[in-house]
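Asks: no letters, just coordinates:
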Ligand SMILES: NC(=O)NCCC[C@H](N)C(=O)O
């Protein structure tokens, strides 16, 4: 099933970035803040999901207790239901048998106020997702900001901390320094504050350990996040919710903020959920343990197409 052309479609373009900076934000699509109210999300079908040895984590599960794909698919259906419950419009990438990891829509593109960046996936089994993303945005009528050409870059490493401020993860194996510096240069030209976070490739992407919850509130795994990142966030006035290391390695710090104090979080991340509830958040706790054996969590499985600036 193909994606529909959306209302508010804009003239499609493969490169609307102004090389001099000052690119005009899109009129309808995109978002300024990862914590603004989510209205539209891009998800990927798990119809052809395959458990591959893609990282230390997924390799360990593959060795010890491989993912039961049917259970994972049922968990994904619950995730879709959670978005719909909160009134978020779900746009689903058409299932393609060759794209066995397309459920992780965070990585093949990243939405910005100026349109999506098409990334450059590191692993051969995910490269086709970049082409599928281009086709999807063309079908929906959302013009592309630009495409990464300097090296590999994966969307889980583009972490919008607050309006006009991005933390770019660089582990080498997924996002290479060359790709990270190309994207950093674009956003510096747009006037953003950009920080590069060099992480160990064991952690795959920066969104394993740092994810925004609400304005000035960020979940961080203090045990594995470089202290300068924590100091930087605190200097900006962010309060930190510390997610334990063991939970983090089970994708427990990888959740989705829907804005309006609503969060979709993995049911197994009990410390995080407790902290959120204590602060008055409404939390949809979704079982994602089976699907996460394949290496990603709720944040990895979502690409915000539009957040309402209010
Ligand atoms: N942003 C993310 O952390 N995405 C998870 C990707 C999981 C997938 N198995 C991969 O290793 O590429």
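Replies: Ah, there it is. Note that this is a predicted model, so its numbers are computed, not measured.

Asks: stretch 83-101: end-to-end distance?
Replies: 20 Å (C-alpha to C-alpha, to the nearest Å).

Asks: likewise stretch 210-221?
Replies: End-to-end distance for stretch 210-221, by C-alpha to C-alpha: 7 Å.

Asks: so which bits of it are buried?
Replies: Neighbour counts using 16 or more other C-beta atoms under 10 Å place 210-214, 217-221 of stretch 210-221 among the buried residues. In this view, the C-beta of every residue, glycine as well, is placed from N, C-alpha and C.

Asks: filter those down to the ones in strands?
Replies: Under the assignment DSSP state E, these contribute 210-214, 217-220 to strands.

Asks: just those now: which is nearest the ligand?
Replies: Proximity of those to the ligand was ranked by C-beta to the nearest ligand atom; the top entry is residue 211 with 10.1 Å.

Asks: that closest one: what's it in contact with?
Replies: 159, 218-219, 253-255, 257, 299 (C-beta atoms under 8 Å, 6 or more residues apart in numbering).

Asks: counting only strands, which of those make the cut?
Replies: Using DSSP E, the subset of these located in strands is 159, 218-219, 257.

Asks: so what does whatever helix or strand residue 304 lives in touch, helix or strand wise?
Replies: Taking DSSP states H and E as the definition, residue 304 sits inside strand 303-307. Packing partners of strand 303-307 (3 or more C-beta pairs under 8 Å, 6 or more residues apart in numbering; DSSP states H and E): strand 38-44.

Asks: touching the ligand at all, the strand it packs on?
Replies: No - contact between strand 38-44 and the ligand is absent, the nearest approach being 10.9 Å (criterion: C-beta under 6 Å from any ligand atom).

Asks: by how many degrees do that strand and strand 303-307 diverge?
Replies: 160 degrees (axes from the mean of the first three to the mean of the last three C-alpha atoms, to 10 degrees).

Asks: can you report how many residues lie near residue 246?
Replies: The tally of other residues near residue 246 (other C-beta atoms under 10 Å) stands at 11.

Asks: now it, what's its secondary structure?
Replies: Secondary structure state of residue 246, per DSSP: H, G, I helix; E, B strand; the rest coil, is helix.

Asks: which residue does the stretch 151-300 of the chain have closest to the ligand?
Replies: For the stretch 151-300 of the chain, C-beta to the nearest ligand atom, closest residue to the ligand: residue 156, 2.3 Å.

Asks: that residue belongs to a strand, doesn't it?
Replies: No - looking at residue 156 with three-state DSSP, it is helix, so not inside a strand.

Asks: about what we covered before: columns distance to the ligand and pLDDT on top of the ones in strands among the contacts of residue 211, output as JSON lines?
Replies: Output for the ones in strands among the contacts of residue 211, formatted as JSON lines (distance: C-beta to the nearest ligand atom, whole Å; pLDDT from 0 to 100):
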{"residue": "159", "distance to the ligand": "10", "pLDDT": "98"}
{"residue": "218", "distance to the ligand": "16", "pLDDT": "98"}
{"residue": "219", "distance to the ligand": "14", "pLDDT": "98"}
{"residue": "257", "distance to the ligand": "15", "pLDDT": "98"}
